[in-house]
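Undergrad: test case, fold it:
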Amino acid sequence: MRRLRRCKIIATLGPASANPAMVSALFHAGADLFRINMSHASHDQMRNQVEMIRALQEECGRPIGILIDLQGPKLRIGTFKNRVVRLAKGDKFIFDSNPVPGDESRVCLPHHEILLALKAADTILIDDGKIRLHVTETNGKRAVATVDVAGEVSNRKGVSLPDTEIPVSSITEKDRADLEAGLEAGVDWVAVSFVQRPDDVAEVKKLTRGRALVMSKIEKPQAISRLDEVVEISDALMVARGDLGVEMPLEKVPGLQKRINRMARRFGKPVVVATQMLESMIKAPVPTRAEVSDIATAVFEGADAIMLSAESATGAYPVEAVTTMNKIAEEVERDSYYRSIINAQRAPPEATNADAIAIAVAARYFAETLDLKAIVAWTSSGATAFRIARERPEAPVLALTPNRETACRLALVWGVHAVVTKDAHDVDDMSKRACKFAGREGFAKAQERVIIVAGVPFGTPGATNMVRIAVLDADSK
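TA: Residues are numbered from 1 along each chain as shown. All right, here's what the predicted structure looks like:
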């Protein structure tokens, strides 16, 4: 089941795909991880999906990653007497805390903390930005706004506040319950929605206590303004282009995608590009040419993973969508320009944990200079494989780990093929079994060489301190 590409694929499960036969079909079509969207899944549904994935994992003998996506705080207006009102450009419209159904002049905004945080000139977006207003006056109990973009507004439509830092946590009580249920079920990654500040990520990491890794979804201007801090504390990033494109001008999103990707790469954190990658395939068996180009751009940028949402969750062609994404990624990585573009994006090493990073850089250099067939990383926590993947080496990366949880987490990471095996007990055993797995998994043949990266003493997380070159013998298969 070795993939012929480095970029990973995430498929979201939903009504169109949450059964064992479809999960298996999506995996064999190319999905490396499965996303469970807790905005739409109950705890029982989530647990059933996790069980399906783990059963498939046992059947195939390959680690499969599971990501739960927390809903985050959903801000919505109240209701209207006549269910819907029409707002014209230039109209004055009031948001207040009065629960009485609204009319053409006002509506309840049942979030007291937002009314306190709003200030003059702040933008208010309703219904994914279809209606736009700006605040003209506020006193903490109500906000008067002027309509800039007109339209109809109906009951309980969502509200976005691109200019306002909301003084509430990005994790709600529902999220806490969903998170605990997911951790008990054994998920590998947790995505945090509507991150505004590094404290939002720290709060979730405190709750996970290392039982899963935490991915920050970058979809608010407040996160962009503190991007370096958010990236540093996160285990991975997601470029959530849907909400990002609502809260920021659409024309800025492509540049932000590149900026987030480069910064994540500099910090050695995986990055996922998501939202509307194959939107037309929700209803059609083939994509648009623009969608193909969009996916190709993300792969050329060196994104760790590309993600399908509604395409695989509710679409009519989920397997075809994964197959299409897989074909595009494979073709891009065969392109003659691919390697030069990936190399041009290589960032200088960060000063933190300098010894381990220097070894990862050296492993990539040796592999390229000596034409070694693979970089074999012995890793307990996965950190060694993360560091090597940061270098985007031309040689494939084979991660050997005694921890199944680590192998599943590495399903997200660019170019890493993880295998679960017992830890090495000495250097000779390390070398012999690294060669055995390199041969068995199809990375190298007899008399070909691989480079091995490990930490001594074995089984000590974060102790990457050794490099060795080994030659496969005839028994290495």
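
Undergrad: would you list every one of the strands in the stretch 301-450 of the chain?
TA: 305-308, 375-378, 397-401, 416-420, 449-455 (DSSP state E, counting those that start in this stretch).

Undergrad: domain map for the chain?
TA: Listed domain ranges for the chain are 8-72+170-342, 84-160, 354-471 (source: automatic domain parsing).

Undergrad: please tabulate those in a markdown table, including the columns mean neighbour count, distance to Pro348 and mean pLDDT.
TA: C-beta coordinates here come from the backbone N, C-alpha and C atoms, glycine included. What follows is those, written out as a markdown table (neighbours: other Cβ atoms under 10 Å; distance: least, Cβ to Cβ, whole Å; pLDDT from 0 to 100):
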| stretch | mean neighbour count | distance to Pro348 | mean pLDDT |
| --- | --- | --- | --- |
| domain 8-72+170-342 | 20 | 8 | 97 |
| domain 84-160 | 16 | 37 | 96 |
| domain 354-471 | 20 | 10 | 92 |
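
Undergrad: mind checking these for the one nearest to Gly78?
TA: Checking those against Gly78 by Cβ to Cβ gives domain 84-160 as the closest, at 3.3 Å.

Undergrad: Met52: which element?
TA: Using DSSP states H and E, Met52 maps to helix 43-60.

Undergrad: ok, back up a step: same list, the strands of the stretch 301-450 of the chain, but as a markdown table with distance to Asp294 please.
TA: Below are the strands of the stretch 301-450 of the chain laid out as a markdown table (distance: least, Cβ to Cβ, whole Å):
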| stretch | distance to Asp294 |
| --- | --- |
| strand 305-308 | 9 |
| strand 375-378 | 30 |
| strand 397-401 | 26 |
| strand 416-420 | 24 |
| strand 449-455 | 35 |
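
Undergrad: figure out which of the ones you listed is closest to Ile9.
TA: Judging the strands of the stretch 301-450 of the chain by Cβ to Cβ, what sits closest to Ile9 is strand 305-308, at 6.1 Å.

Undergrad: mind giving me the packing neighbours of the closest one?
TA: Judged by 3 or more Cβ pairs under 8 Å, 6 or more residues apart in numbering; DSSP states H and E, strand 305-308 is in contact with strand 8-13, strand 271-274, helix 289-300, helix 318-334.

Undergrad: how far away from the center of its chain is whichever helix or strand comes after the first one?
TA: Moving toward the C-terminus from strand 8-13, the first helix or strand encountered (DSSP H and E) is helix 20-29. Remark: helix 20-29 is offset 20 Å from the chain centroid, using Cα atoms, centre = their mean, to the nearest Å.

Undergrad: next one: stretch 386-400
TA: Chain-centre distance of stretch 386-400: 19 Å, with Cα atoms, centre = their mean.

Undergrad: i'd like the first residue to be 43 from this point on
TA: In the new numbering, first residue 43, that becomes stretch 428-442.

Undergrad: for that stretch, how far is the first residue from the last?
TA: 13 Å (Cα to Cα, to the nearest Å).

Undergrad: helices of the stretch 193-342 of the chain, start to end?
TA: In the stretch 193-342 of the chain, the segments counted as helices under DSSP state H, counting those that start in this stretch are 215-227, 240-250, 263-267, 269-275, 283-289, 295-309, 331-342.

Undergrad: shouldn't Phe135 be within a strand?
TA: Yes - assessed with DSSP: H, G, I helix; E, B strand; the rest coil, Phe135 lies in a strand.

Undergrad: find the nearest non-adjacent residue to it, please.
TA: Computed as Cβ to Cβ, 6 or more residues apart in numbering, the closest residue to Phe135 that is not its neighbour in sequence is Ala187, at 5.4 Å.

Undergrad: repeat that for Phe479.
TA: Nearest one to Phe479, counting by Cβ to Cβ, 6+ apart, is Val461 at 5.6 Å.

Undergrad: got the contact list for that neighbour?
TA: Leu440, Ala441, Leu442, Thr443, Ala449, Phe479, Glu483 (Cβ atoms under 8 Å, 6 or more residues apart in numbering).

Undergrad: widest-spaced pair of those?
TA: The widest separation within those (Cβ to Cβ) is 13.6 Å, between Thr443 and Glu483.

Undergrad: mind checking which of the strands of the stretch 343-492 of the chain is nearest Leu175?
TA: Once those are compared by Cβ to Cβ, strand 347-350 is nearest, at 31.8 Å.

Undergrad: and the closest one, which strands flank it?
TA: strand 50-55 (parallel), strand 313-316 (parallel) (DSSP bridges).

Undergrad: how about those strands in JSON lines, adding distance to Asp346?
TA: Formatted as JSON lines, the strands paired with strand 347-350 follow (distance: least, Cβ to Cβ, whole Å):
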{"stretch": "strand 50-55", "distance to Asp346": "6"}
{"stretch": "strand 313-316", "distance to Asp346": "6"}
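
Undergrad: which among those strands is found nearest to Leu279?
TA: Using Cβ to Cβ, the nearest of the strands paired with strand 347-350 to Leu279 is strand 313-316, at 4.7 Å.

Undergrad: between the helices of the stretch 193-342 of the chain, which gets nearest to Lys487?
TA: That would be helix 331-342 among these, by Cβ to Cβ, at 28.0 Å.

Undergrad: which other helices and strands does the closest one contact?
TA: Using 3+ Cβ pairs under 8 Å, 6+ apart, helix 331-342 sits against strand 347-350, helix 360-376, helix 380-386.

Undergrad: bridging residues for Ile78?
TA: If you apply DSSP bridges, the partners that Ile78 bridges to are Leu55, Ile110.

Undergrad: that one contacts Gln91, doesn't it?
TA: Yes - between Ile78 and Gln91 there is a contact at 5.5 Å, judged by Cβ atoms under 8 Å.

Undergrad: find residues that contact each of the two.
TA: What both Ile78 and Gln91 touch, as defined by Cβ under 8 Å, 6+ apart, is the set Leu55.

Undergrad: show me where the stretch 393-519 of the chain has its helices.
TA: 396-411, 425-432, 446-451, 469-482.

Undergrad: dump the ones you listed into JSON lines; add distance to Asp133 as well.
TA: Below are those laid out as JSON lines (distance: least, Cβ to Cβ, whole Å):
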{"stretch": "helix 396-411", "distance to Asp133": "57"}
{"stretch": "helix 425-432", "distance to Asp133": "52"}
{"stretch": "helix 446-451", "distance to Asp133": "51"}
{"stretch": "helix 469-482", "distance to Asp133": "67"}
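
Undergrad: out of those helices, flag the one nearest Ala227.
TA: Of all these, helix 446-451 comes closest under Cβ to Cβ, at 12.6 Å.

Undergrad: now do the closest one: everything it contacts.
TA: With Cβ under 8 Å, 6+ apart as the criterion, helix 446-451 contacts 99, 105-108, 228, 230-231, 255, 421-424, 441, 443, 460-462.

Undergrad: and what of stretch 110-118?
TA: For stretch 110-118, using Cβ under 8 Å, 6+ apart, the contacting residues are 77-81, 88, 152-153, 156, 198-203, 208, 210-214, 216-217, 220-221, 224, 229, 231-236, 246, 259.
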